[in-house]
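Chemist: Provided below for reference: sequence and predicted model.
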Amino acid sequence: MASPRLAVAVATVILLCSVAAGDQDDKILRPWPPDCSTANNYTADSQYKKNLDQLLATLPAAAGDNGWFYSGAAGSGADEVFGQIMCYADYNATACLDCLSRAAAGITAVCPGSRSVRAMYDACVLRYSATPIPAAADLAVLYNVFLNFPEVAVTSEGVRAAWVPLMSELTGGVAASPLRLANASTPYSSSQEMYGLAQCTRDLNASECARCVSSYVSRLGNTFPNNTGGVIKGYSCYLRYQVAEFDITLPPAPVPPAPGKSLPNGRISSSFSKNRIVIGVSVSSISILIVISLSIWLLLRRWRRKEAKLHEETRAMEDEFERGTGPKRFRYGELAIATDNFSDSQKLGEGGFGSVYRGFLKEMNLHVAIKRVSKGSTQGRKEYASEVKIISRLRHRNLVQLIGWCHGRGELLLVYELMPNGSLDKHLYSADNRLSWPLRYKIVLEIASAVLYLHEEWEQCVLHRDIKPSNVMLDTSFNAKLGDFGLARLIDHARGSYTTVPAGTLGYMDPECRSRGGATIQSDVYSFGVILLEIACGRSPAVVVDEAVIHLAWHVSDLHSQGRVLAAADPRLNGEFNAREMESVLVAGLWCTLDDRRRRPSIRQIVGLLRLELPLPRLPKRMPVATYKLPVGMNTDSSSLGTNSVSEISTSYYSLQRI
């Protein structure tokens, strides 16, 4: 039987040949948004380009010979290029070698002319630079991935109890391993294990590797408060855990260098005295133990402080809610009975910070929707507190009513009136298309009335910050009610220019929220404008064109500039609509989504236009609107677009551009 080393060498050669001779139509392997330098770019005929091509051509095979990691250089002087490439251990050998080859072959097309590049793929990471790559940990997090296993019972206490010993073992193991790779497991429950993996690039010494992994471990409490699985990935290290076993492929042993040659990564083959080896190992071991002990102590101290702060915040929040009027405080047992102990059969849906269940309160003879939020989720707690404080004080026929709340058994629960017809988005795209134009027009006016109340008619101005069809609920008579005030903020009417941190959902979010870093009244108007276009056109707010996501406003604006805006109307309506009403909704949507916030209308002006009380405004012939770059591997089905919240931006990696 052939040796593993020979198999790897053969597979590497085959993959390199297939890349070189492959079909030109094969798509380039694209990384998660790479870090491509823009200053002092090289030219196609430069010596730097020749050296880079030489380096990239040798990296995959060199990594295959060196246990799936290689750090080397090509050229000399000012045009010298330094490169590094590595595979992740939770991908098999075929995926690893495929990533090594295709990443090296395609990176210059992804970052043309860049002298310095860092690129991360699913199975490998690649970087090159005009300067030596520092052997110091880069603690930046490129992305987080939330992993959940519905069949596993979740408690924040149980997750944390498993974290501490698992992360301690991983941190020590990865630093001590010559491969900078460690996997481990620890009991999660009587019948389940929690599994983990930690990995560093092999140019890091033990202390730097431990520092990098420890940095990621310290983020677990905030990033994954009660998740049964999660991934944190950066350019220097990688951390994964989950309550389900996953495959780990150990890299083959490095091929020994020829006599007299230097080992990869600048390590020169020479003999050392026994004393120097003993001293080096002892110092390294002591350093590792110090780093591990300090990391565990800091993790435990942070966890205890967080638990104490959580307890104090909960007591303060309960006192504040009790002083308020309106929503009732329920006992946990009441809501458990109402939902058949939160049975899956009663579940209506699931969001980023909890699930929603159908319930029946016998004492009130009332069907309700109960939102169950994890008490351990920092963002979930903030949204919970915001909903209780804000929506409990609002009274409007087109806002979802909050009936009550509950803190109990480590959970936060909100009780709403039940909206039997669900959310607007489900009906906009349903196969039977139950929404006629008169019904759509009524819904438009009702949402506008709700936003007008929030912005101008209540005692304070309320920024909703997440206006979208999935937050518009429909009762038994298809009356529209705006809900989900978890991201809402209160401001005084006199502070109309007040801004908050960016929040909302891409596709519905004002582009200036990202470029300028704040949400305003005008950003709510923008989101409302997108809904108007979506209702009138029956299309997602983002449309895929040539692997870019073009905003629906661009499409409608193009037709408007040609004098045939009614052509944007939902074709499923078969022309059965009032032309004046349809035009007012489409033009109002374009007016709200103008690129310049200063030119957008107030919600009162939009209400007047929608009620046909104001003339149509004059709009630019061609609107500059936003487009969003698709994340690698994302499904381009238009129904899936426009659903990623900004709180998930580190995972989704949308970047805003202008066209």
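Modeler: Great, that's in hand.

Chemist: Which parts of the stretch 351-500 of the chain are helices?
Modeler: Counting by DSSP state H, counting those that start in this stretch, the stretch 351-500 of the chain has helices at residues 378-391, 424-428, 437-452.

Chemist: would a markdown table of these with mean pLDDT and mean neighbour count be doable?
Modeler: All C-beta spots, glycine's among them, are computed from the backbone N, C-alpha and C. Converted to a markdown table, the helices of the stretch 351-500 of the chain look like this (pLDDT from 0 to 100; neighbours: other CB atoms under 10 Å):
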| stretch | mean pLDDT | mean neighbour count |
| --- | --- | --- |
| helix 378-391 | 66 | 20 |
| helix 424-428 | 90 | 20 |
| helix 437-452 | 96 | 20 |
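
Chemist: Could you export the ones you listed to CSV, including columns for distance to residue 339?
Modeler: Output for those, formatted as CSV (distance: least, CB to CB, whole Å):
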stretch, distance to residue 339
helix 378-391, 17
helix 424-428, 21
helix 437-452, 28
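
Chemist: Residue 164: which of those helices is closest?
Modeler: Of all the helices of the stretch 351-500 of the chain, it is helix 378-391 that lies closest to residue 164, at 19.1 Å by CB to CB.

Chemist: Out of the helices of the stretch 351-500 of the chain, which gets nearest to residue 226?
Modeler: helix 378-391 (9.0 Å).

Chemist: what's the distance between residue 172 and residue 412?
Modeler: 36 Å (CB to CB, to the nearest Å).

Chemist: More neighbours: which of the two?
Modeler: residue 412 (26 against 23; other CB atoms under 10 Å).

Chemist: The more buried one bridge partners, please.
Modeler: For residue 412, the beta-bridge partners are residue 373, residue 407 (DSSP bridges).

Chemist: and what of the one 4 residues further on?
Modeler: Bridge pairing for residue 416 (DSSP bridges) gives the partners residue 369, residue 402.

Chemist: okay, and for the stretch 351-500 of the chain, where does confidence drop off?
Modeler: Scanning the stretch 351-500 of the chain with the threshold set as pLDDT under 70 gives 351-353, 374-384, 386-387, 410, 433, 485-500.

Chemist: again, only this time at 50
Modeler: 492-500 (pLDDT under 50).

Chemist: how about low-confidence regions in this structure?
Modeler: In the chain, residues with pLDDT under 50: 1-26, 259-281, 325, 492-504, 545-547, 625-659.

Chemist: what about the helices in the stretch 501-650 of the chain?
Modeler: With DSSP H, counting those that start in this stretch as the criterion, the stretch 501-650 of the chain has helices at 511-515, 521-537, 552-561, 579-592, 603-610, 649-652.

Chemist: Deepest-packed of those, please.
Modeler: helix 521-537 (a mean of 25; mean count of other CB atoms under 10 Å).

Chemist: relative to helix 579-592, how tilted is that one?
Modeler: 150 degrees (axes from the mean of the first three to the mean of the last three CA atoms, to 10 degrees).

Chemist: For the residue lying closest to residue 408 once chain neighbours are set aside, give its distance to residue 342.
Modeler: Distance criterion CB to CB, 6 or more residues apart in numbering; nearest residue to residue 408, sequence neighbours excluded, is residue 332 at 3.0 Å. Using CB to CB, residue 332 is found at 10 Å from residue 342.

Chemist: swap in residue 358?
Modeler: Separation of residue 358 from residue 342 (CB to CB): 11 Å.

Chemist: Could I get the contacting residues of residue 162?
Modeler: Contacts for residue 162 (CB atoms under 8 Å, 6 or more residues apart in numbering) come out as 186-188, 194, 243.

Chemist: Can you check these and name whichever has the most neighbours?
Modeler: When neighbours are taken as other CB under 10 Å, the top entry among those is residue 194 (25 neighbours).

Chemist: neighbouring strands for the strand or helix carrying that one, and are they parallel or not?
Modeler: Secondary structure assignment for residue 194, by DSSP states H and E: strand 193-200. Strand 193-200 has the following strand partners under DSSP bridges: strand 181-187 (antiparallel), strand 237-242 (antiparallel).

Chemist: May I have it as CSV, with CA atoms only?
Modeler: Provided in CSV are the C-alpha atoms of strand 193-200 (Å, rounded to 0.1, in the frame of the first residue of the first chain):
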residue,chain,number,x,y,z
GLU,A,193,-19.8,15.6,24.8
MET,A,194,-18.6,19.1,23.8
TYR,A,195,-15.9,18.9,21.2
GLY,A,196,-13.3,21.5,20.4
LEU,A,197,-10.5,22.4,18.0
ALA,A,198,-7.8,25.1,18.2
GLN,A,199,-5.3,25.8,15.5
CYS,A,200,-2.6,28.5,14.9
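
Chemist: Report the buried residues of that strand.
Modeler: Using 16 or more other CB atoms under 10 Å as the test for burial, strand 193-200 gives 193-200.

Chemist: do the same with stretch 103-112
Modeler: Using 16+ other CB under 10 Å as the test for burial, stretch 103-112 gives 103-108, 110-111.

Chemist: Tell me the one of the residues you listed nearest residue 231?
Modeler: Using CB to CB, residue 103 comes nearest to residue 231 of those, at 19.1 Å.

Chemist: Having no further points to raise, I will conclude here.
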